[in-house]
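Chemist: Give me coordinates for this.
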Amino acid sequence: MKVFVQVPCLNEEETLPAVLQSIPAQIDGVGEIEILVIDDGSSDRTIEIARAYGVTHFVYHTRNMGLARSFRDGVDYALAHGADIVVNTDGDNQYPQDRIGDLVTPIVAGEADIVIADRQTQTIAHFSAFKKLMQRVGSHVVNRAASTDLPDAASGFRAYSRASLLRLNVLTQFSYCMETIIQAGNKRLRIVSVPVVTNAKTRESRLFKNPAHHMVKSASAILRSYLMFNPYVIFATLSLIFGVLALIPFARFLTFWLAGDQVSGHIQSLLFGSIMSVAALLSLALGVISDLLRTNRILLEEQLERLKEMQYRRLSEPAAVGLEIGDLAPATDQDSPVTADLGS
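Modeler: Numbering: from 1, shown residues only. Predicted structure coming up:
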């Protein structure tokens, strides 16, 4: 079994040595451990230092592409080079790399598809009270959207099995953390949380400018991911709200009309109710359309998963291909299954 530990880096020459030194050289049940450095447009000596520490796997970005793109490109490289498990850590030495074995073990044992480190943010001294509150709120929202129960949904210190990565698709440009959890939860992947203690803070986060920026970006990513899997919930709710808002003025208008009151002074209720009725019908129609699109997306994702399996097929699996070819073109007495198929 091969594990790839990917380290996204943006000018991490000061902290990268500590990260590389603390990555374990051996893990029970793992035959190979490879380190992959993702250079996200660094302008310092990050790559030189990585090479000096024996790193041979690199993904290069000529300019800063962001954390989500770095994660996606790293996963693509790791799977193409035969990774069974991909572990994501950080180049700023925020996470305790010596706990990578604890992240990998549940996957090796077949008990989990994804393992996420719980940073226990309530105990982190440099986190403000507001940041701790936002972390709890954010994790709660993600858990509701994904039907999971994770204490730290924003943690980037995590391990993914090969099978889970074939099923996940990172679409956001901000951060993959929330999106992959919502996808994994809705695709019924097994997610396990492991508590860890983070290292001392080395620098400010480069992922966002300020807490407000982070909240807006995270909320946008969560909403988009939730809409991908449960669009009918959103539009059914809107349809219900608009429907109730339409019934109230209609009922008011009908009450005055049945009472024999002059209804000419209540035409505004009829107009407002009509507008709300149209909005309810539009929401219902959009809900039906979005649910049909969701069905189409599921079919496309299944095809994409099969394409990924073929794209990342390892050299150790040619026998399975031969069997499939043989099923399609049965061999004669003179030809082997592969030869018969090539001849046809």
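Chemist: My guess is Gln21 contacts Tyr53. True?
Modeler: Yes. Gln21 is within contact range of Tyr53, at 7.5 Å (criterion: CB atoms under 8 Å). Where you see a C-beta, it was placed from the backbone N, CA and C, and this is true even at glycine.
Chemist: Comparing the two, which residue is more hemmed in?
Modeler: Tyr53 (14 against 11; other CB atoms under 10 Å).
Chemist: isn't the more buried one right next to Ala18, touching?
Modeler: No. Under the criterion of CB under 8 Å, Tyr53 makes no contact with Ala18, lying 10.6 Å away.
Chemist: measure the residue lying closest to Gly185 once chain neighbours are set aside to Val137 for me?
Modeler: Of all residues not flanking Gly185 in the chain, Ala146 sits nearest, at 2.8 Å (CB to CB, 6 or more residues apart in numbering). In this view, Ala146 and Val137 are 15 Å apart by CB to CB, to the nearest Å.
Chemist: Same question for Arg297.
Modeler: Distance, Arg297 to Val137, using CB to CB: 28 Å.
Chemist: Compare those two (neighbour count), which wins?
Modeler: Arg297 (15 against 11).
Chemist: List the contacts of the nearest residue to the more buried one once chain neighbours are set aside.
Modeler: Nearest residue to Arg297, sequence neighbours excluded (CB to CB, 6+ apart): Met228, at 6.9 Å. By CB atoms under 8 Å, 6 or more residues apart in numbering, Met228 lies in contact with 182-183, 294, 297.
Chemist: And the helices in the stretch 201-344 of the chain, which stretches?
Modeler: Using DSSP state H, counting those that start in this stretch, the helices of the stretch 201-344 of the chain run over residues 211-229, 231-258, 267-311, 318-328, 337-343.
Chemist: what mean pLDDT does the second one have?
Modeler: Translated: helix 231-258. What helix 231-258 shows for mean pLDDT is 86.
Chemist: helices or strands up against that helix?
Modeler: helix 267-311 (3 or more CB pairs under 8 Å, 6 or more residues apart in numbering; DSSP states H and E).
Chemist: got the angle between the helix it packs on and helix 231-258?
Modeler: 170 degrees (axes from the mean of the first three to the mean of the last three CA atoms, to 10 degrees).
Chemist: Next, the angle from helix 267-311 to helix 211-229.
Modeler: Helix 267-311 runs at 80 degrees relative to helix 211-229, counting by the same axes, to 10 degrees.
Chemist: tell me which strands and helices helix 267-311 is in contact with?
Modeler: helix 162-167, helix 211-229, helix 231-258.
Chemist: how about those helices, which one is nearest Arg190?
Modeler: Nearest to Arg190 among those is helix 162-167 (8.7 Å), distances taken as CB to CB.
Chemist: who's in contact with the helix or strand just after the closest one?
Modeler: Remark: after helix 162-167, the chain's next helix or strand is helix 176-186, criterion DSSP states H and E. Helix 176-186 is contacted from outside by 67-68, 71-72, 113-114, 116, 138, 142, 145-148, 150, 153-156, 160, 164, 167-172, 191, 218, 221-222, 224-226, 228-230, using CB under 8 Å, 6+ apart.
Chemist: Let me know whether Val7 touches Ile35 as I believe.
Modeler: Yes. Using CB under 8 Å as the test, Val7 is close enough to Ile35 to be in contact (6.8 Å).
Chemist: Settle it for me: which of these two has more neighbours?
Modeler: The neighbour count for Val7 versus Ile35, taken as other CB under 10 Å, is higher for Val7 (27 against 21).
Chemist: Can you list phi and psi of the more buried one for me?
Modeler: Main-chain dihedrals, Val7, degrees, to the nearest 10: phi -120, psi 100.
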